[in-house]
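# model this:
(one chain, ligands or ions: 1)
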Amino acid sequence: MAVMITELSGKKIFPIGIGTWGMGGWMLADNKNDKKEIAAIKFAIESGINAIDTAELYGRGHAEELVAEAIKGFDRETLHITSKVWPTHLSRSGINGAVNASLKRLGTKYLDLYLIHWPNPLANMQEAISTMEELIDGGLIRSMGVSNFGVSDMQKALDATKKHKIEVNQIEYSVLNKEPEQNVIPFCEKNKVKIVAYTPLAKGAVNNSKEILKIAGKYKKTPIQVAINYLLKSSLPIPKASTPEHIREIMGSTGWELKKEDYAHLKAV
Ligand SMILES: NC(=O)c1ccc[n+]([C@@H]2O[C@H](COP(=O)([O-])OP(=O)(O)OC[C@H]3O[C@@H](n4cnc5c(N)ncnc54)[C@H](OP(=O)(O)O)[C@@H]3O)[C@@H](O)[C@H]2O)c1
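So this is what the prediction gives:
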């Protein structure tokens, strides 16, 4: 079985990252919560989280601008920043344009990890992957990966690599959505592709599960902490949180471990 992810793109990382979908707007930029969201990302970094997940899509680039503000004053080399290219930008010129725009908004010279956000059956996988490899060789990104790829797209992406590996597949995975455990996760583990778990709190719905609540009581933890601890066994969870209270609770998901039987129970329900 896979183990907790503490290294990514050649950097040491805290085994939980922070997501930014909804920060700085959704499909359009919205700056009404900028201050609060910048403070939340800063608080997460001060608490020990160093992997930050964003995308050109989020708030039409505004989430990346908020990340840029939040990381000012921190040593860039200690942070791991992931961004993603939208599937309509998967040509060579599309990816090159997108990565440069992301770097500019993020105010950084390089991304630690760059992901193809969703597969696009109309795009040329070979061209997309070889362009990502060129970005690694050119120093604009340190590693590459994919997101929302099922087994057949994963296989195509792996087949298209020539010089560099697919570091991660970022997928929706939570204790309330264990479907990836059937096929995608075993396939990725076999091919040494790490799993990044998005929507790991099921948007907060893990708080309403009786089964999770029962186990939480046993460990004197909260359902959120149990839900993340479950994912730590085989993935890097990247919850989105925009308050210090939520981040503190998330931090309490580490430093202890679900017993084998409780992990197996959650896996089975
Ligand atoms: N690759 C993709 O296609 C894809 C798709 C979706 C998401 N993602 C990434 O994954 C990240 C996480 O996924 P997500 O945002 O969809 O869902 P999520 O992390 O499962 O849930 C986020 C929600 O949970 C709330 N929350 C956080 N901590 C909490 C706590 N301790 N108690 C109660 N509620 C809490 C947040 O509220 P507050 O904001 O009020 O703290 C927010 O409303 C995204 O931000 C994004 O970076 C990637």
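# hey, let's count contacts and neighbours off CA atoms from now on
Fine.
# Return the backbone torsion pair for residue 92.
Backbone dihedrals for residue 92, given as degrees, to the nearest 10, come out at phi -60, psi -50.
# burial measure for it, as a count.
Residues lying near residue 92 (other Cα atoms under 10 Å) number 17.
# which stretches of this protein have low pLDDT?
Counting by pLDDT under 70, the ranges of the chain that qualify are 1-2.
# So residue 136 sits against residue 142, correct?
Yes - proximity of residue 136 to residue 142 meets the contact threshold set by Cα atoms under 8 Å, at 5.5 Å.
# quick one: the helices in the stretch 51-200 of the chain?
Ranges of helices in the stretch 51-200 of the chain, per DSSP state H, counting those that start in this stretch, are 62-71, 92-106, 125-137, 151-160, 184-190.
# Need the winner for burial among those.
Among the helices of the stretch 51-200 of the chain, the stretch with the highest mean neighbour count (mean count of other Cα atoms under 10 Å) is helix 62-71, at a mean of 23.
# Any residue of that one touching the ligand?
No - for helix 62-71, no contact with the ligand is found by Cα under 6 Å from any ligand atom; the gap never falls below 9.6 Å.
# so how far is that helix from its chain's centroid?
Chain-centre distance of helix 62-71: 16 Å, with Cα atoms, centre = their mean, to the nearest Å.
# next one: stretch 253-260
Going by Cα atoms, centre = their mean, the spacing between the C-alpha centre of stretch 253-260 and its chain's C-alpha centre is 21 Å.
# Kindly report the same for stretch 141-158.
Centre-to-centre, stretch 141-158 and its host chain are 14 Å apart (Cα atoms, centre = their mean).
# Quick one: residues in contact with that stretch.
Contacts with stretch 141-158, where a contact means Cα atoms under 8 Å, 6 or more residues apart in numbering, come from 9, 110-119, 125-126, 129, 132-133, 135-136, 164-172, 183-184, 187.
# Can you say which of those residues are buried?
9, 110-119, 125-126, 129, 132-133, 135-136, 164-172, 184, 187 (16 or more other Cα atoms under 10 Å).
# ok, and which of those reach the ligand?
Near the ligand, judged by Cα under 6 Å from any ligand atom, the entries from those are 117, 170.
# ok, residue 253 - contacts?
Shown in contact with residue 253 (Cα under 8 Å, 6+ apart): 224-226, 228-229.
# Now secondary structure too, for those, in JSON lines please.
Below are the contacts of residue 253 laid out as JSON lines (DSSP: H, G, I helix; E, B strand; the rest coil):
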{"residue": "224", "secondary structure": "helix"}
{"residue": "225", "secondary structure": "helix"}
{"residue": "226", "secondary structure": "helix"}
{"residue": "228", "secondary structure": "helix"}
{"residue": "229", "secondary structure": "helix"}
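# Looking at those residues, spot the one nearest the ligand.
For the ligand, the closest of the contacts of residue 253 turns out to be residue 224, at 6.0 Å, with distances computed as Cα to the nearest ligand atom.
# can you count the residues close to the closest one?
As a burial measure, the neighbour count of residue 224 was computed by other Cα under 10 Å and equals 25.
# go on, residue 229?
Around residue 229 there are 24 other residues, counting by other Cα under 10 Å.
# With adjacent residues omitted, what lies nearest to it?
residue 253 (5.4 Å; Cα to Cα, 6 or more residues apart in numbering).
# Which positions in the protein make contact with the ligand?
Of all the residues in the chain, those in contact range of the ligand (Cα under 6 Å from any ligand atom) are 19-21, 53-54, 117, 147, 170, 198-204, 224, 238-243, 246, 249-250.
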